[in-house]
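Novice: Task: produce atomic coordinates for the following.
(chains A and B)
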Amino acid sequence: MIQYALYIRVSGALLADYSGRVRGLTFASNNRGFAECKGFIPMGLTEAFSLYSAIGGLRVQIADTSSGAVYDGRIEDVAISGDGVTLTAMGYARSLSDAPYTALWSSTRVSEWRTYLSSDDVGFSEGRYEFDTNNRLSISPRKGETLGSTGSVKEGGLAFDRASLSSRQIIGVSFDFQTSAPLNWVTRLIAYTTNPYAFSAVVWSLASSGGLRNGAVHVVITACDRLVFGMFYNVADAVFAGETGSAYLQITNLRVVTATANRVNTTITANVASSIGMTVAVVSTARMYPGLRLVFTQSATANRGCTVVSVTDATHFVTDMDPSVGTWLIGNTVQGFVIYADEIADDLITVTSALNSGQLSSSLSLTDSPALDLLNESYADMLPCDIMDYLIRLGDASGNQWEWGVKDAQRLYMRAQNAQRTWYIDVSDLDIQRTLDQLTNSVYAVYSDANNRAVRSAATADSGSIARYGLTRRKALAVQTTSAAQAAYQQATALADGREPRPRAGVVVRQVFDAGGSRWPLWYVQAGDTMVIRNLSPSLGVAIDRVRVFRLTRAEYRFDDDTLTLEPETPIARLDVLLAQLAAGVARPARG
Amino acid sequence: MTDGTDTVTFADGVGGVTNFPPVRGQWGPSIAGIRTSPLGGRGPYADVAEDLSCNIRNTTASLVYANLDTLTRLLDKAERWWLRNENIAPVLLKYAPQGSTIHDHVTTPMRAIVLGRVGSSELNGVDLPSDVNDAGMLFEIYGVKIACLRRGAWTGQNDTTGASATAANPTVMTRAFSATHPIVSPVDITIAGFNGTTTPTIQAGYLVVGSQVNDIQILEAEAGASGVFTSVADAAGNARGGSVLRFTPAGVAAVTSAALSLTLIGGQCAVIAAVRNNSATTSFLLQANMSGFGLVTSTPPYLIDTSTTAPRLVLLGVAGSNAANAVTLQATASAASGTLDIDYIIVVNLRDETVAILAHDAVSLAGVGAGAASLAFDFNPLSDQGPRVFVSGSSGNVPLTYRGPMPLLTSGINLYALWTAPNGASWRFTTTAPAVLSVSLNATRYRSFLSPQ
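Specialist: Residues are numbered from 1 along each chain as shown, chains lettered A, B, ... in the order given. Down below sits the predicted model:
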């Protein structure tokens, strides 16, 4: 016997057990956990309006014989008719659509920096400098401009602001710098706090030596809302006689973050001389991956940035370091910022559960890490559920597809799709559809060369698919790149996705069995489970296993006729995952 | 047919003349089947339609119309009670088959609640013949049709077991009814032994009910000690059996305990575990593996979070097995630190609807007066529109929030029940003394019948 009951959200108290009165009850699970639950309860107007008034404050639970919740949701729609009320509940994944979310997590885009104006801070004088934010940040004083500290410093600056009302503040920045200026010039990075923006701290400062200087900075800072790279002449006013561009500050490999929980912060365990292909021994290579930008710290002025080439094992990695830099010593630090999707998911949980207590558990125990470093993550007025959809779409380094949802105890889970329960069914009435429109067994890529002219690659084809279906269906794949290698990679991925069109199948079942042959009540079947149709032979067709064995994307149980309607999952195309990762600036780690 | 105020007697059981004589050969009681829907809230049998024909007569036309009004009013009341949930008495249809040795028309007829009209038309369940106006001259209406819906199962005599001896919680308590009854029937269960002074708050717990001896098995977890699972004495925490099974993780890999022996059972089995996460930082995934004759099935991994370091009861989930005679516990820690204790597990064989687990929330006894109090899980099929769970004391009842299937059902002759709850730092529910509370079981069965008996 199953219980359908309403509970008062705030107190958790039972409002009514409508098991015996509800009619036409159905409930479903989908790729976000529990989905909708709908039923009609005959009642008088007085009772109906007591529910009408309580919308948002009512919780629906369907409990099975073991008292375990097979459905848990909140009432979202109350429709009163002449003889009763129709209640529609949605699973608690909906709580992630209650309020938009604005936050910066990580940015490496120099294009997001802007000229800092005198109206922002009277100490700045934007008209006396040249600025450049193409692939780097560059500030250089103009020839003939009067510069100096008489009165105000007349500084030139480039600024980065976190999004207005972002829930997270900047707490880390790393970059490589190169500067060249006469004596008495100072380059620096300044932090400002919230609106009205006020000077907070000088994060980094370097007085000119009169010549070229370069290095790298990795610093965890007091939370701030704005960063400004500046350059100024720190003596009395004088006309700058150098050519425009002769003195400058250039910033590259810039990264701004608002979280440091996963940053790489280790130390060298054996002296090592700088070289191309330098193998570095460290305490731990946890969270390192090929492509991660690290900063080696030796002293305040001799830091260097480098990119991980490969991770050898848990304590060694390989990088390329200018041989002229010298020897790195035991105890020198190696640091780099890393942002993972589970950090973001955890923050979404915290923000959502704080906004509406009782709608979502604050537990962070079920968010796994895909271990992909997300370089550019900034959300403005996005619903948390959309952010979660986006994050799981990125997948992980092993090519797994991910999922999120809210089920037991209102806990949000984020995890690689894995085998939940496997059920065995026999179907006599199968509805399978397949369309040739989804078939693509030949692909060529269209990309750009260095001069922005369209280039078409040679088409590649899957001969087996062409032979099987008796025709060639070719697709032009537009690739936003100037790299022939990148275009070829996406071309191959698109071909792999399209060479076997996916069937669409709908299945209604009345009995399910486990591997041991035991019959189970239908309501135990949930989205994410694997279904095996026992009476379809594996030898029926080449693609039969996409029908015979499938993962559920939705399961709907109807109480009145005790039937279960199943929807097989249509997996996300691997090309879509790849493009999403590229858009996020994701680099794949070699190891987790 | 009566609601206690208005009564229509079709046949009086002794051959007397009534004002609503049934038309001969026009009615045989419908026999209910099992409902397709597994929803609870009432018995397992479908509502059935009854189609009766009777005449209405009396000594004057006005009395005939008054009789007709009584009949239609009863059908109206039935709908108001059922469809509108109005606070009125339900209408009962009473029936004693001629020659029955079980039921009689005086004290124990078969009874079923009338739910109102049949079908979707918005007409009263009483249908009049076209010559109804002749009643003004004949003082009789011939061929009045009554089409009504009633509860599918007839309810006969009640059985009350009387209270069991008290036993320290959690113990599987047993009561025997006076006779076996093969039809699945609703049963009221009372767990007594509470007291407004010595147990001012009944903590959240579980009631488990079964009808066969192996439906509920309680196993001492410390019997699974092996490797990183060790047996640790915890008398201070009132551990059942004096000790608990302690999991001390050496890493984050899943580790399985030694097997706990189980009397052979088959089908879906729910597993409840009494656990204590001793760490404020390490969470654990715990699952039960049921095994027997080479096949192993598992409950889903259950997260034991860090929300409390006090003992708690968790429903690990349901595993299916054709034949299980052993249980192992598989634990996975989020870090190689902290410990997880397990005092006991309860394996419940959910083989049919007479086996059920009910979870209830904590409840204060302040509202039910001083002195003795009890937990009641009731559903009277002759008066209740839905099941009721409440705590009862000297000055009244307080409803209790619960999750699980109601009404409770039973069949056969024996009833088995277990009630358990932790209490603060104690694995088992205690009094303020503190001492482990002993409780007793009492049950009342409402015998269901499907056909005339």
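Novice: Identify the residues contacting the strand or helix carrying residue A:250?
Specialist: Per DSSP states H and E: residue A:250 is located in strand A:248-257. Outside strand A:248-257, the residues that touch it by Cβ atoms under 8 Å, 6 or more residues apart in numbering or on different chains are A:104-108, A:110, A:135-140, A:160, A:170-181, A:187, A:216, A:227, A:229, A:231, A:263, A:293, A:305, A:337, A:339, A:375. Bear in mind the C-beta positions are built from the backbone N, C-alpha and C, glycine included.
Novice: buried residues in that strand?
Specialist: Buried residues in strand A:248-257, counting neighbours by 16 or more other Cβ atoms under 10 Å in any protein chain shown, are found at A:248-257.
Novice: same check, this time on stretch A:72-79
Specialist: For stretch A:72-79, by 16+ other Cβ under 10 Å, it's A:72-76, A:78.
Novice: Just the CA atoms of it, as PDB, please.
Specialist: Only the C-alpha atoms of stretch A:72-79 are listed here, as PDB (Å, rounded to 0.1, in the frame of the first residue of the first chain):
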ATOM      1  CA  ASP A  72       8.900  14.100  -2.700                       C
ATOM      2  CA  GLY A  73       7.900  17.500  -4.100                       C
ATOM      3  CA  ARG A  74       6.200  20.800  -3.500                       C
ATOM      4  CA  ILE A  75       2.700  21.900  -4.500                       C
ATOM      5  CA  GLU A  76       3.100  24.300  -7.400                       C
ATOM      6  CA  ASP A  77      -0.400  24.400  -8.900                       C
ATOM      7  CA  VAL A  78      -3.800  24.200  -7.200                       C
ATOM      8  CA  ALA A  79      -6.800  24.100  -9.500                       C
END
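Novice: Give me the contacts around it.
Specialist: By Cβ under 8 Å, 6+ apart, the list of residues contacting stretch A:72-79 from outside reads A:6, A:9, A:34, A:36-37, A:51-52, A:54-56, A:58-62, A:85-92, A:94-95, A:359, A:407-408, A:410.
Novice: just to revisit the earlier point, from the contacts of strand A:248-257, list the buried ones, please.
Specialist: Among these, those classed as buried by neighbour count (16+ other Cβ under 10 Å) are A:104-108, A:110, A:137-140, A:160, A:170-181, A:187, A:216, A:227, A:229, A:231, A:263, A:293, A:305, A:337, A:339, A:375.
Novice: In strands, which of those appear?
Specialist: A:104-107, A:137-140, A:160, A:170-180, A:187, A:216, A:227, A:229, A:231, A:293, A:305 (DSSP state E).
Novice: which bits of the stretch 1-150 of chain B sit near chain A?
Specialist: Contact residues, the stretch 1-150 of chain B versus chain A (Cβ under 8 Å from any Cβ of the partner chain): B:36-42, B:44, B:82-86.
Novice: Compare those and tell me which has the most neighbours.
Specialist: When neighbours are counted by other Cβ atoms under 10 Å in any protein chain shown, residue B:40 leads the residues of the stretch 1-150 of chain B next to chain A with 30 neighbours.
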